[in-house]
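Undergrad: Sequence below, structure please.
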Amino acid sequence: MKTVNALTIRQHLGKVLQAMQDSHQPILIEKAHKAVAVLIPIDLFKQRFVDFQELETREKLLEEFRISGAKSDRDSLKELRDLRYG
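TA: Numbers count the residues shown, from 1 in each chain. Take a look at the predicted model:
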């Protein structure tokens with residue numbers, strides 16, 4: 001993994017982003033010789049963080065159920081399992 005300091009990021013962001021795209025590797029960003037952040041290519045983000053997006057979708061759906069307060073003859077636990085496992 002390549003390491004870049006914050007000053008280089010500020011001065012050469014375009015070049016750093018291009019290097020990241022070319023290598024398809026994350027870049028560690030340091031400030032005062034301490035790691036503070038990581039830049040990752042969008043394809044790695046999608047691979048690794050899709051679960052967070054799915055979790056947000058589930059939470060929104062559950063909140064809609066809570067807000068609606070509608071009674072149903074369907075088993076909510078069964079419906080959630082169907083959503084989760086197909």
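Undergrad: tell me what the longest helix along the chain is packed against?
TA: Using DSSP state H, we find that the single longest helix of the chain is helix 42-68. Where contact means 3 or more Cβ pairs under 8 Å, 6 or more residues apart in numbering; DSSP states H and E, helix 42-68 is packed against helix 76-85. The way it works is simple: take the backbone N, C-alpha and C, and place the C-beta from them, glycine included.
Undergrad: and stretch 31-45, C-alpha only, in PDB?
TA: Output in PDB follows, covering the C-alpha atoms of stretch 31-45 (Å, rounded to 0.1, in the frame of the first residue of the first chain):
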ATOM      1  CA  LYS A  31      -0.400  13.700   8.700                       C
ATOM      2  CA  ALA A  32       2.600  14.500  11.000                       C
ATOM      3  CA  HIS A  33       3.800  10.900  10.400                       C
ATOM      4  CA  LYS A  34       0.500   9.400  11.700                       C
ATOM      5  CA  ALA A  35      -2.000   7.500   9.600                       C
ATOM      6  CA  VAL A  36      -5.200   9.500   9.400                       C
ATOM      7  CA  ALA A  37      -7.200   8.200   6.400                       C
ATOM      8  CA  VAL A  38      -7.200   5.800   3.500                       C
ATOM      9  CA  LEU A  39      -8.300   6.400  -0.100                       C
ATOM     10  CA  ILE A  40      -9.700   3.400  -1.800                       C
ATOM     11  CA  PRO A  41     -10.800   2.800  -5.400                       C
ATOM     12  CA  ILE A  42     -14.600   2.900  -6.000                       C
ATOM     13  CA  ASP A  43     -14.600  -0.800  -7.000                       C
ATOM     14  CA  LEU A  44     -13.100  -1.800  -3.700                       C
ATOM     15  CA  PHE A  45     -15.600   0.400  -1.800                       C
END
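Undergrad: now the angle from the helix or strand of the chain with the lowest mean pLDDT to helix 76-85?
TA: Using mean pLDDT, DSSP states H and E, helix 42-68 stands out as the lowest-scoring helix or strand of the chain, at a mean of 82. Per axes from the mean of the first three to the mean of the last three Cα atoms, to 10 degrees, the angle that helix 42-68 makes with helix 76-85 is 170 degrees.
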